[in-house]
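1. fold the following and give me the result.
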Amino acid sequence: MKTFYTFISAFILAPLLMVAQAPTLGTTAQFVLFSTNGAVTNVGITQLTGKVGTNNGSNTGFGNVNGGMHAGDTNSAQAAVDLLIAYNQLNAAIATFFPAPLLGNGQTLNAGIYSISAAATLNGNLNLDAQQNPNAVFIIKIQGPFSTNANAKVNLLNGAQACNVFWKVEGLVDMAAGTTLRGTIIANNAGINMNANDTLEGRAMTTAGAISVNGTMAYTPSGCGSPVLNGPTAPVFGRLGCFGLFSADGPVQNAGITTVKGDVGANVGLTTGFDTLLVTGKVRPIPDTATASAAAELILVYNLLNVLPADIELVYPAQFGRNLVLTPHTYVLNGATALTDTLFLNAQGVASAVFIIKIFGALQTSSYAKVVLQNGAKAENVFWLVNGAVNIADYSILNGTVLAQGAVSLLTGARINGRVWTGVGALTANAMTSAATIDTTACATSGPPTSVAQALILENVTLYPNPFKQELSIRIENSQTQLYSLRITNALGVEVIRQQLTQDLNTVEVGHLASGMYFYQLSNGTQLLKTGKLIAE
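-> Down below sits the predicted model:
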């Protein structure tokens, strides 16, 4: 009888064992293109989001990649191990469906494990229908080469996700021009070719073989537990945020018909040439208390962003733009940077997502270059830190706030959807437009947004001990019963503490913080009052 029940249980459970389950991708999930053993090459302008790498070969012909390049390093070595695990899991999956070698032509597949015993071709439209199950997994095993015809397309229906689609191919993968493929491709002992105008929402990886792309778009899929990208923590501005155009040390000059939203001014030098009727804010012809406050704050904010570690290095500063797509991260370009054609900033549906682009060198744009915001990205959440001069050429469109350390030229027809500030050097505008998101009511006064007495808190706040261990004390002399807020972030810009301060002497528990560097911001709800660095022992 026991044997009988064992047989019945096995019979009932057998179908469950053959339900498609996603393989374990490990670190390969971060790669959009990867070969364990083979070169990875590009021709033309290719847009890639995700790491690109090979564990034995070279990466050649690529421009900037939104993810980083790896060749024969620790990242690629681990990816090679993880790719083999994923391949073996897919190879061991037991198929329950056996379609004909010609896929597509309006065909619809539901979730499951499919096997084709020979070479396969995709033609026309192939529909993958999740039947309202966002966890539905599709595994398509091809026991030979896999090719697509021109303009073939994989469509995802009723909740299907590219992160749950897997193609295991025992041979060459050759995608004809204009193909749209979705899912992770793992080729075994063969190469992968992607051609002009191909789109891959997924990954292209091989255990051994070359990968060649030519003017394609490929990006790692979202969903399936992948992290939601919020980007770093945005800086908070006080009086500085009221300025559309500002120089802390140099004149601010205009020629032609220029419109500005926000104040215009300089803390050292004169502000000339602006029509007050075209400035939604206040033109400050000579330095005053507001420019002094803004200059002091600019130093603090610039230094805060300057030490913020970068997630991704864009390794070709002279080839910036060119239809590159960036997602919410902190980026760094180590050299003079030329923005050409179009740069896309894709918030991936996260309206609060922050982009910080750090340029250690000058920034210049070509005429008609533009920064385009996609999928919820907002100009007020984009920040450009430029350690050098800035030249925005004729009719360029830039989204975000620019914090420069050098002379700034904004030329004819240029549009800045944000603000432009420089810590040192002249700022020159010529028949351009600056339109920032500014609370003009809070910035309407001639002095700081709050009273001078409150602004003196810059000198009357003490944080100690520093370095700290278990507790951090914040003494605010003459707090005038104001409600202050303390915000502490780690070196990656992630908020670790936020606490309201209601007393002249406040104590914050910090013993749970790991040793390292932290940054604090003290505000009164409308104005950033003080920032600085803290060390945890």
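
2. could you look up the SS state of Tyr302?
-> helix (DSSP: H, G, I helix; E, B strand; the rest coil).

3. residue contacts, it?
-> Leu385, Leu403, Gln405, Gly423 (C-beta atoms under 8 Å, 6 or more residues apart in numbering). C-beta: built from backbone N, CA, C; applies to glycine.

4. now swap in Asn42 and tell me
-> Thr60, Gly61, Phe62, Gly63, Ser212, Val213, Asn214.

5. which residue, other than its chain neighbours, is closest to it?
-> Gly61 (4.1 Å; C-beta to C-beta, 6 or more residues apart in numbering).

6. the one you found contacts Val43, doesn't it?
-> Yes: counting by C-beta atoms under 8 Å, Gly61 does reach Val43; the two are 5.8 Å apart.

7. now the helices for the chain?
-> For the chain, the helices defined by DSSP state H cover 2-17, 74-92, 289-306, 452-455.

8. show me the protein divided up by domain.
-> 18-219, 239-435, 452-536 (automatic domain parsing).

9. where are the low-confidence patches of the stretch 51-200 of the chain?
-> The model of the stretch 51-200 of the chain has no residue with pLDDT under 70.

10. one more time with 90, if that's ok
-> Where the stretch 51-200 of the chain drops to pLDDT under 90, the residues are 134.

11. so what's Gly106 closest to, chain neighbours aside?
-> Asn125 (5.6 Å).

12. tell me how far the one you found lies from Gln470.
-> Applying C-beta to C-beta, to the nearest Å, one obtains 63 Å for the distance of Asn125 from Gln470.

13. so which of those two has more stuff around it?
-> Between Asn125 and Gln470, counted using other C-beta atoms under 10 Å, the more crowded position is Asn125 (17 against 11).

14. state the distance from the more buried one to Leu200.
-> Taking C-beta to C-beta, one finds Asn125 at 16 Å from Leu200.

15. rewinding a little: so which of the contacts of Tyr302 is the closest to Leu339?
-> Proximity of the contacts of Tyr302 to Leu339 (C-beta to C-beta) peaks at Leu385, which lies at 14.5 Å.

16. could the contacts of Asn42 go into a markdown table alongside neighbour count and distance to Lys168?
-> A markdown table is the format used below for the contacts of Asn42 (neighbours: other C-beta atoms under 10 Å; distance: C-beta to C-beta, whole Å):
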| residue | neighbour count | distance to Lys168 |
| --- | --- | --- |
| Thr60 | 11 | 27 |
| Gly61 | 15 | 27 |
| Phe62 | 19 | 26 |
| Gly63 | 20 | 30 |
| Ser212 | 20 | 20 |
| Val213 | 28 | 20 |
| Asn214 | 18 | 24 |
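
17. check those residues and tell me the two furthest apart.
-> Gly63 and Ser212, at 15.6 Å, using C-beta to C-beta across the contacts of Asn42.

18. from what I see, Ser485 and Arg498 are in contact.
-> Yes: Ser485 lies in contact with Arg498 (C-beta under 8 Å); the separation is 6.9 Å.

19. ok, the two, which is more surrounded?
-> In terms of neighbours (other C-beta under 10 Å), Ser485 is the more surrounded of Ser485 and Arg498; the figures are 15 against 11.

20. and the more buried one, what are its bridge partners?
-> Gln500, Ser523 (DSSP bridges).

21. can you check the one 5 residues further on too?
-> On DSSP bridges, the residues paired with Asn490 through beta bridges are Tyr518.

22. so how far is Ser117 from it?
-> For Asn490, the distance to Ser117 - C-beta to C-beta - is 54 Å.

23. still on that earlier bit, okay, and which of the contacts of Tyr302 map to strands?
-> Secondary structure from DSSP state E places Leu385, Leu403 of the contacts of Tyr302 in strands.

24. now render the contacts of Tyr302 as TSV, adding pLDDT, distance to Cys224 and neighbour count.
-> Putting the contacts of Tyr302 into TSV (pLDDT from 0 to 100; distance: C-beta to C-beta, whole Å; neighbours: other C-beta atoms under 10 Å) gives the following:
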residue	pLDDT	distance to Cys224	neighbour count
Leu385	98	33	24
Leu403	97	37	24
Gln405	95	42	20
Gly423	95	44	21
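
25. which of the contacts of Tyr302 sits closest to Asp129?
-> Leu385 (46.4 Å).

26. lowest-confidence helix or strand of the protein?
-> Ranked by mean pLDDT, DSSP states H and E, the weakest helix or strand in the chain is helix 452-455, scoring a mean of 36.

27. ok, back up a step: could the contacts of Asn42 go into a markdown table alongside distance to Asn267?
-> Listed next are these as a markdown table, based on distance: C-beta to C-beta, whole Å:
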| residue | distance to Asn267 |
| --- | --- |
| Thr60 | 48 |
| Gly61 | 47 |
| Phe62 | 43 |
| Gly63 | 39 |
| Ser212 | 54 |
| Val213 | 49 |
| Asn214 | 51 |
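
28. okay, now Phe360: neighbour count?
-> Phe360: 16 neighbours (other C-beta under 10 Å).

29. isn't it up against Val332?
-> Yes: using C-beta under 8 Å, Phe360 makes contact with Val332 at a distance of 7.0 Å.

30. what sits in contact with each of these two?
-> Joint contacts of Phe360 and Val332 (C-beta under 8 Å, 6+ apart) do not exist.
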